[in-house]
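Chemist: 3D, please:
(one chain, ligands or ions: 7)
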Amino acid sequence: MKFPILSIALSAILFFPLGLTTDDSDSESQHYSQCRCLPTDPCWPKPSEWASFNASVSGSLIAVKPVASPCHDPAFDQAACENAKTNYKLSVWRGSFPGGYQQINFETSAVKNETCYIDTPRSSPCGQGNVPVYAVAATSPAQIQKAVDFAREKNLRLVIKNSGHDYLGRSAGRGSLQIWTHNMNNIEFSGNFTPESCKWKKGEEAVTIGAGVQLKPLYSALAAKGKTAVVGLANTVGAAGGFIQGGGHSPLGPWKGMASDNAYQFTVVTADGKHVTANECQNSDLFWALRGGGGGTFGVVTSVTIRTFPDTIMLAASLNATIPDRNQFYSFTADFHAFLPKFSDAGGSGYYYIFHETNSIIIGGFFAGQSNPNATEALFAPLVQKAREYTNSQVQWSQLPPFPASVGIDTILNGTDVTGGLSLLSSRLISRKFLESADGPGRLSEVFKTIGPNQNTVFIGHVVAGGQVARNKGTIDSALNPSWRKALVHLVFARGWETSTSFQEQAIIARNMTDVEAPVLAALEPDMGAYINEADLNERHWQKVFWGENYDKLLRIKARWDKEELFMCKPCIGSENWDAESICRK
Ligand SMILES: Cc1cc2nc3c(=O)[nH]c(=O)nc-3n(C[C@H](O)[C@H](O)[C@H](O)COP(=O)(O)OP(=O)(O)OC[C@H]3O[C@@H](n4cnc5c(N)ncnc54)[C@H](O)[C@@H]3O)c2cc1C
Ligand SMILES: *[C@@H]1O[C@H](CO)[C@@H](O)[C@H](O)[C@H]1NC(C)=O
Ligand SMILES: *[C@@H]1O[C@H](CO)[C@@H](O)[C@H](O)[C@H]1NC(C)=O
Ligand SMILES: *[C@@H]1O[C@H](CO)[C@@H](O)[C@H](O)[C@H]1NC(C)=O
Ligand SMILES: *[C@@H]1O[C@H](CO)[C@@H](O)[C@H](O)[C@H]1NC(C)=O
Ligand SMILES: *[C@@H]1O[C@H](CO)[C@@H](O)[C@H](O)[C@H]1NC(C)=O
Ligand SMILES: *[C@@H]1O[C@H](CO)[C@@H](O)[C@H](O)[C@H]1NC(C)=O
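Modeler: Numbers count the residues shown, from 1 in each chain. Ligands and ions are numbered 1, 2, ... in the order given. Next up, the predicted model:
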């Protein structure tokens, strides 16, 4: 099956790669007892202690290097460097190393002024940056328990890394020990699953996913079984890690809810080194927190069990409209946003791009459970007509014949995402109510006019809310940002730079995004928040923006399960007590 326009739309979804700056970190931290032990500290474990720890995890300890290290002296290796240069934008390659992060800026350290870029001279040093020092390449929960115990006993900075896709850098950390879940790849289907201690419940169909399973292999396994599940539209993002723990949006979300709405059970190694099961019948507070509270915070998830659904039929349609006159283009962006509630009511989900370079809007839309192309055509017709009325517009609309969802999505995905950029994101959830209001779409266009010209912004709209995501309000009680239940769109933009951009210049770009540009978008709906997994790590009122009224309860659950804050990242629950690197308590 061919999906020409949609796969282009997908490449646009995937082409924005991102990263980090630390603009407000202290200079080199003071290492008093409030701080984690770093490699330069006397309290850092001795080589003999690392060796016995390595033996205790069956030799799975790795000394981690940045992925561009073979391109620099003293470890220069011509063949390995060429290979790195060929692959450095492929997420599947980056994800195959514990030191590979999908956004290069998280491999650098502004605090230490360290980088290890692939395109700088061989003679320029390869700094470790925020790449962890050691990783445990875990294949079992028992190894993770050992790693958690060792980090706690030795007071180490501990990070959990799965795919390394995080746009906020939460899976990286300077001077840290990493638990790397990439190799935990079990996928197990059940036709009759009941959560542990819920034996009175009727069995349901489900799939249990190991901590390292990535979306493409999961979609392939689902397609082979004639099943679907609610997970993201990406190849190498993990299904069981930060994705679902942050909520997890999906092209199937409007059909069946958020990914986290469809979780039955997590197994988790907690800060005390125990391996526990969390579901609605046991450890239910942990279960509540793991569905939206964010990755890297409550423990190391070793597996998650989610609902599966019998395969469904699906339609896909796309519109590409280019409107040369800039003011008319903004008028059309308003027409387009006013159309989205109708699109949602017709069962639509999808992704759109507002390109300032070409004055184009492109949307790739999905209609899960729908099989009548005439209905889709009739739905789009008035919008297509409007687009054609603008001066010199170029408009293409097309759709695919109905296809089975599982096979279709599996076909769209080719095994790798395009990553390896330097940037940071900013985002907001936009409510249905706002888009339905008389002046809402026009006010949104004013925002594009104000901040769009900078860096020829590509705004990416994710129509992954509405439908069942909204209907689950009141029926699913979880830590998910309550703004998701009111939202129709998750709107994102990025600010990027080059490897030649100094840390000082990066900080200026990042601060402008956080303090000048993001507030323009946020002001449209001061009570709406943002999606933790695709957002600005420097967001000012992050507790409220990412978790709203759930934040205080999340703090209480954090205190119950991780009193000593072994698991810490920014911006994660309780991180107001820590410096920007999660190394020292304030
Ligand atoms: C190309 C691309 C496409 C994307 N598509 C989507 C999409 O369709 N839908 C969507 O919702 N999001 C999407 N995202 C965002 C995605 O949800 C986040 O990047 C998310 O953080 C990825 O989780 P991960 O575990 O794969 O990544 P990682 O960077 O490895 O981890 C992310 C966070 O989760 C923690 N974590 C990882 N594993 C575990 C574990 N086992 N236990 C506890 N904590 C853990 C880490 O410590 C870190 O805090 C996309 C991102 C990219 C780059
Ligand atoms: C996979 O798809 C992406 C995005 O559509 C594209 O850029 C990339 O080149 C493709 N990779 C392979 C290996 O086909
Ligand atoms: C851990 O032990 C294995 C097996 O002995 C070894 O190959 C590996 O190099 C060790 N790791 C470290 C960091 O020394
Ligand atoms: C940071 O490192 C770069 C490259 O090594 C160097 O040119 C620059 O002067 C350093 N900046 C600071 C503030 O030390
Ligand atoms: C969208 O249309 C414009 C103008 O016709 C064209 O240049 C561009 O390649 C199209 N984009 C896609 C993704 O089809
Ligand atoms: C769609 O419209 C065409 C042409 O009017 C018609 O022949 C066809 O039966 C319609 N299909 C459905 C599923 O309604
Ligand atoms: C800050 O953002 C505004 C609005 O997008 C832009 O006009 C300006 O050039 C930006 N300034 C910097 C320093 O990036």
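Chemist: For ligand 3, what's the nearest residue on this protein?
Modeler: Nearest to ligand 3 in the chain, going by CB to the nearest ligand atom, is Gly59, at a distance of 3.0 Å. Any C-beta I mention is one placed from the backbone N, CA and C, and that applies to glycine too.
Chemist: so how far is Gly442 from that residue?
Modeler: Shown here: Gly59 relative to Gly442, a distance of 62 Å by CB to CB, to the nearest Å.
Chemist: got it, and Lys386?
Modeler: Distance of Lys386 to Gly442, given as CB to CB: 14 Å.
Chemist: same check, this time on His165
Modeler: Taken as CB to CB, the span from His165 to Gly442 is 35 Å.
Chemist: Ser96 now?
Modeler: Distance, Ser96 to Gly442, by CB to CB: 47 Å.
Chemist: between the two, who's got more neighbours?
Modeler: Gly442 (16 against 13; other CB atoms under 10 Å).
Chemist: give me the element the more buried one is part of.
Modeler: For Gly442, the host element (DSSP states H and E) is helix 440-451.
Chemist: how much does the biggest helix by length in the chain deviate in direction from helix 440-451?
Modeler: Ordering each helix of the chain by length in residues (DSSP state H) puts helix 326-345 first. Following axes from the mean of the first three to the mean of the last three CA atoms, to 10 degrees, one obtains 130 degrees for the angle between helix 326-345 and helix 440-451.
Chemist: and helix 326-345, C-alpha only, in CSV?
Modeler: Output of helix 326-345 as CSV, limited to C-alpha atoms (Å, rounded to 0.1, in the frame of the first residue of the first chain):
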residue,chain,number,x,y,z
ARG,A,326,0.7,36.6,3.6
ASN,A,327,-2.5,38.4,4.9
GLN,A,328,-4.8,36.1,2.9
PHE,A,329,-2.7,33.2,4.2
TYR,A,330,-3.5,34.2,7.8
SER,A,331,-7.1,34.6,6.9
PHE,A,332,-7.1,31.0,5.7
THR,A,333,-5.3,29.8,8.9
ALA,A,334,-8.4,31.2,10.7
ASP,A,335,-10.8,29.4,8.2
PHE,A,336,-8.8,26.3,8.8
HIS,A,337,-9.0,26.4,12.6
ALA,A,338,-12.7,27.3,12.5
PHE,A,339,-13.2,24.0,10.5
LEU,A,340,-11.5,21.8,13.1
PRO,A,341,-14.5,21.3,15.5
LYS,A,342,-16.4,19.9,12.5
PHE,A,343,-13.4,17.8,11.5
SER,A,344,-13.4,16.4,15.1
ASP,A,345,-17.1,15.7,15.1
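Chemist: from the stretch 51-200 of the chain, which residue is nearest to ligand 2?
Modeler: Counting by CB to the nearest ligand atom, the stretch 51-200 of the chain gets nearest ligand 2 through Leu90, at 7.0 Å.
Chemist: Please name the residues that touch the closest residue to that residue other than its chain neighbours.
Modeler: The shortest distance from Leu90 to any residue other than its chain neighbours is 4.7 Å, reached at Thr416 (CB to CB, 6 or more residues apart in numbering). Contact analysis of Thr416 by CB atoms under 8 Å, 6 or more residues apart in numbering lists Leu90, Ser91, Val92, Trp93, Asn235, Thr236.
Chemist: And Phe493, by the same measure?
Modeler: Counting by CB under 8 Å, 6+ apart, Phe493 touches Leu425, Ser426, Ser427, Ile451, Thr457, Val458, Phe459, Ile460, Glu517.
Chemist: mind redoing it with 6 Å?
Modeler: With contacts defined as CB atoms under 6 Å, 6 or more residues apart in numbering, Phe493 is in contact with Ser426, Thr457, Phe459.
Chemist: swap in Leu222?
Modeler: Applying CB under 6 Å, 6+ apart to Leu222 gives the contacts Thr228, Ala229, Ser406.
Chemist: For it, what is the enclosing helix or strand?
Modeler: In this structure, Leu222 sits in helix 215-225 according to DSSP H and E.
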